[in-house]
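Asker: Need coordinates for the below:
(4 chains)
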4 protein chains.
Amino acid sequence: MTVPVKDMLETYPASLGNVDRAAMIRCIEECFSCAEVCTACADACLSEDMVADLRKCIRTNMDCADICETTGRVLSRHTGYDANLTRSVLETCAAACKACADECERHADMHAHCRLCADACRSCETACNELLATLG
Amino acid sequence: MTVPVKDMLETYPASLGNVDRAAMIRCIEECFSCAEVCTACADACLSEDMVADLRKCIRTNMDCADICETTGRVLSRHTGYDANLTRSVLETCAAACKACADECERHADMHAHCRLCADACRSCETACNELLATLG
Amino acid sequence: MTVPVKDMLETYPASLGNVDRAAMIRCIEECFSCAEVCTACADACLSEDMVADLRKCIRTNMDCADICETTGRVLSRHTGYDANLTRSVLETCAAACKACADECERHADMHAHCRLCADACRSCETACNELLATLG
Amino acid sequence: MTVPVKDMLETYPASLGNVDRAAMIRCIEECFSCAEVCTACADACLSEDMVADLRKCIRTNMDCADICETTGRVLSRHTGYDANLTRSVLETCAAACKACADECERHADMHAHCRLCADACRSCETACNELLATLG
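Answerer: Reported below is the predicted structural model:
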């Protein structure tokens, strides 16, 4: 039994202000999922025979995992909301996801985990940019 | 688009050894989900009028979030697998989930987020114990 | 026995490129230290009688702790260095430190932990901005 | 300017109970420092020519970094202290540090970063065990 982000948000005891709930929910889900996938992809790359050619991919995966996780955490906190900080965090997360998607796509034909990871990163990048757009 | 843990595991380039895949997949999913829910519950508690009565709950939520996230990360790494360390991590995670579920249940009638969080923690505790049982 | 960041950097097996080593070392140290201090300050605020007035401070502390820690991790990885991502991460970290220092300073007269935390955040903000300046 | 753990603990607004302060301070410092060093060692290993032989070391470094960081965070929270959970977290952290020290020592002659990392891990393992001994 895993509790959806949407259900937690519906029980929040205070106002969320003017934020677009659907965009926020999607972005939180994408960030945490992308962090999981990047953690798994880093380890899968580490197990490949050609690990020496995947150094940059592993590093990019680890950066993206840490940044997505922190972004998911910041977005999950509504008390004392700070629009400027949220915007900066989302821009950084979109940049990390773009970098990781670009890198993973270069190996996507050879490594199915990089294909899945590139998809997860591209999707998270989009969710960050869409939430940014709603923040005005 | 969020990529399921199962899909990442199926693309893993090396053997996973004798691990019970279904129990492993469920435990990784539960750990990451529980970390999300505990992060959200800590912030929801912080927004409640009666925050002064929820201090212990907030702290327990934060500990459980950090421990579940680390457990999810350790379980997502299969290269150089260490059964003794995995066992110890799972025992600690089960203990953290139990403590957080017990604490949240005390406020579950009053706070719907604590009800959901208690359920997530109980479910993650079970998943950790079930994976532990398969490790022998 | 704690190993200084400087000693780890001196054993790095590859080139660090054109990065200003002193600014990099200082920034990594400040990020990890600020993450520690913010984690401790969040919990100290939670223990204060007037916790209801410190909600925003606790949240800002938690955001700053997560962001500083991720920044320290990203800066500690030199393999496959990406200047654009590093710049974005540093800007976000400086913004988080500024927000937390501003908030903690409002309570600095009353709470010594907020005074120390404001100092740590201001110092980390400076270190991020100084490293940014050297990146060109 | 980095704020020592000791200074933060001295400003804590509530009782810490019967905990041995010196052992607690040392363990928090060691955990956060070990997390930093393991993060740096993982990336240094990734840059080595013989990366294919360092796969297990990289994985062990990443596990140890995550576990030490979570342990440092849990130990930094005194509100709603739970001795059983603290004990379990410390045992897991000592196990992770031992595993990482053992692995890094195997490469210590060849890689100076592994030598430093082994020292940091051994020192953190000792600090965890000493704090455990004071918890009774």
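
Asker: show me where chain A has helices.
Answerer: Assigned by DSSP state H, chain A shows helices spanning A:5-10, A:21-47, A:55-75, A:83-105, A:112-135.

Asker: how close does residue A:67 sit to chain D?
Answerer: Per Cβ to the nearest Cβ, to the nearest Å, residue A:67 is found 14 Å from chain D. C-beta: built from backbone N, CA, C; applies to glycine.

Asker: Over to residue A:104?
Answerer: For residue A:104 relative to chain D (Cβ to the nearest Cβ), the value is 17 Å.

Asker: Wait, residue A:128 touches residue A:93, no?
Answerer: Yes. Residue A:128 lies in contact with residue A:93 (Cβ atoms under 8 Å); the separation is 4.9 Å.

Asker: which parts of chain A sit against chain C?
Answerer: A:55-60, A:62-63, A:66-67, A:69-70, A:73-74, A:77, A:79-80, A:82, A:84-85, A:88-89, A:91-92, A:95-96, A:99, A:103 (Cβ under 8 Å from any Cβ of the partner chain).

Asker: Quick check: ChimeraX command selecting the buried ones in the residues you listed.
Answerer: For the buried members of the residues of chain A next to chain C, the matching ChimeraX selection, counting by 16 or more other Cβ atoms under 10 Å in any protein chain shown, is:
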select /A:55,56,57,58,59,60,62,63,66,67,69,70,73,74,77,79,80,82,85,88,89,91,92,95,96,99,103
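
Asker: can you pull the alpha-carbon coordinates of stretch A:17-35 into PDB?
Answerer: The C-alpha coordinates for stretch A:17-35 follow below in PDB (Å, rounded to 0.1, in the frame of the first residue of the first chain):
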ATOM      1  CA  GLY A  17      -2.300  29.500  -1.600                       C
ATOM      2  CA  ASN A  18      -2.600  30.000  -5.400                       C
ATOM      3  CA  VAL A  19      -0.500  27.100  -6.400                       C
ATOM      4  CA  ASP A  20      -1.800  24.900  -9.300                       C
ATOM      5  CA  ARG A  21      -2.500  21.600  -7.400                       C
ATOM      6  CA  ALA A  22      -2.400  19.300 -10.300                       C
ATOM      7  CA  ALA A  23       0.900  20.600 -11.500                       C
ATOM      8  CA  MET A  24       2.300  20.500  -8.000                       C
ATOM      9  CA  ILE A  25       1.200  16.900  -7.400                       C
ATOM     10  CA  ARG A  26       2.600  15.800 -10.800                       C
ATOM     11  CA  CYS A  27       5.900  17.500 -10.100                       C
ATOM     12  CA  ILE A  28       6.300  15.900  -6.600                       C
ATOM     13  CA  GLU A  29       5.600  12.500  -8.000                       C
ATOM     14  CA  GLU A  30       8.000  12.900 -10.900                       C
ATOM     15  CA  CYS A  31      10.800  14.200  -8.700                       C
ATOM     16  CA  PHE A  32      10.600  11.300  -6.300                       C
ATOM     17  CA  SER A  33      10.200   8.800  -9.000                       C
ATOM     18  CA  CYS A  34      13.100  10.300 -11.000                       C
ATOM     19  CA  ALA A  35      15.300  10.100  -7.900                       C
END
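
Asker: Next, see if the helix or strand of chain A at the bottom of the mean pLDDT ranking gets close to chain B.
Answerer: Least confident helix or strand of chain A, by mean pLDDT, DSSP states H and E, is helix A:5-10 with a mean of 94. Yes. Remark: helix A:5-10 sits within contact range of chain B at A:5, A:7, A:8, A:9, by Cβ under 8 Å from any Cβ.
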